[in-house]
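Just to be clear, the model below is a prediction. Sequence and coordinates:
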Amino acid sequence: PQEREVALLGLEINLADASVYPASARLHDKTVNMIAKMWNAPPPENGSHDYCGAGTVGSTEACLLAGLAHKFRWRHWYAKQKGLTMEEVTGIKPNIVISTCYQAAWEKFFRYFDVDPNFVTPNLLERQSAIDAKQIAGAVDEKTIAVVGILGNHYNGVYDPIWELNDEVQKINDVNGWQVGIHVDAASGGFIAPFQEAAGCKVPPFDFRLPNVLSMSVSGHKFGESGNSYLI
């Protein structure tokens, strides 16, 4: 009877409505800020105390929002490069470069938001499911909105070499005058990699310390939270 009473009380409360429960918004912002700092995000340029990010419902929403941010950024750049209006550029289908070890959330992004996947297939024997950064050179073009690096794939937890992807993306951008960025899908590794060095396992920079990393996502629900993920 006591459990039923508590459950009924909960039905009257919607913590997602920050206009009614402003403390929930403050808790959200505080959590986003902690994760942004953990990933070495640069301080907000507008002087705000809050970083640009969001708590999401699962990894899928985090990946979808990240992909949209990169797509909208690409549209502005491509329209300027080609002398197009925003209406004209919306009719052009871009692509995103990603390992074939991607999680299912990205399949939704490809389909829902009309973006072609340019797949890079890792050598499973030599690189244990991690892509070789040099492979992306043939997959990136002027219609590429981003390169996705996976920090802990779902098959064996291996990290794509984000630090090497950063260098390769920089070379591609410098040679071609492009502005391709990197999204780090850290669904499985985002709450592990930051603490590996403290445990004596050195990990090269994988986060916002790298100039071409523009966004990162992580799955809180894989580490005990109830359905939450985060995007920075």
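Ah, there it is.

By residue count, which helix of this structure is the longest?
helix 58-82 (DSSP state H).

Quick check: next helix or strand after that helix?
helix 86-89 (DSSP states H and E).

Let me see the mean pLDDT of that following helix.
Average pLDDT, helix 86-89: 96.

Return the list of helices and strands in contact with that helix.
If you count contacts as 3 or more CB pairs under 8 Å, 6 or more residues apart in numbering; DSSP states H and E, helix 86-89 packs onto helix 58-82. Placement of C-beta: from N, CA and C, glycine included.

And the average pLDDT for the longest helix of the chain is what?
On average, helix 58-82 scores 96.

by contact count, what packs against it?
With contacts defined as 3+ CB pairs under 8 Å, 6+ apart, helix 58-82 has these neighbours: strand 54-57, helix 86-89, helix 105-112, strand 144-150, strand 181-185, strand 213-219, strand 228-231.

Turn the ones you listed into TSV, columns for distance to A199 and mean neighbour count.
Shown next, in TSV, are the helices and strands packed on helix 58-82 (distance: least, CB to CB, whole Å; neighbours: other CB atoms under 10 Å):
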stretch	distance to A199	mean neighbour count
strand 54-57	27	18
helix 86-89	46	12
helix 105-112	28	16
strand 144-150	21	27
strand 181-185	20	26
strand 213-219	18	26
strand 228-231	22	23
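
Nearest to I35, out of the ones you listed?
strand 228-231 (5.3 Å; CB to CB).

Would you give the sheet partners of that closest one, along with the direction of each?
Here strand 228-231 is paired, per DSSP bridges, with strand 54-57 (antiparallel), strand 213-219 (antiparallel).

Would you reformat those strands as a markdown table and include distance to G189?
What follows is the strands paired with strand 228-231, written out as a markdown table (distance: least, CB to CB, whole Å):
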| stretch | distance to G189 |
| --- | --- |
| strand 54-57 | 17 |
| strand 213-219 | 8 |
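
ok, back up a step: distance from the chain centre to the longest helix of the chain, please.
Offset of helix 58-82 from its chain centre (CA atoms, centre = their mean, to the nearest Å): 11 Å.

Then stretch 214-227?
The chain centre lies 11 Å from the centre of stretch 214-227; the measure is CA atoms, centre = their mean.

who touches it?
Contacts of stretch 214-227 with the rest of the structure, by CB atoms under 8 Å, 6 or more residues apart in numbering, involve 35, 39, 56-59, 62-63, 66, 69-70, 73, 146, 181-188, 190-191, 207-208, 228-232.

The same query, at a cut-off of 6 Å, please.
The list of residues contacting stretch 214-227 from outside it, by CB atoms under 6 Å, 6 or more residues apart in numbering, reads 39, 58-59, 62-63, 66, 181, 183-187, 190-191, 228-232.

now stretch 10-30
With CB under 6 Å, 6+ apart, stretch 10-30 has contacts from D50, G55.

Quick check: buried residues in it?
Of the residues in stretch 10-30, S24, H28, D29 count as buried by neighbour count, 16 or more other CB atoms under 10 Å.

If anything else comes up later, I'll come back, but that's it for now.
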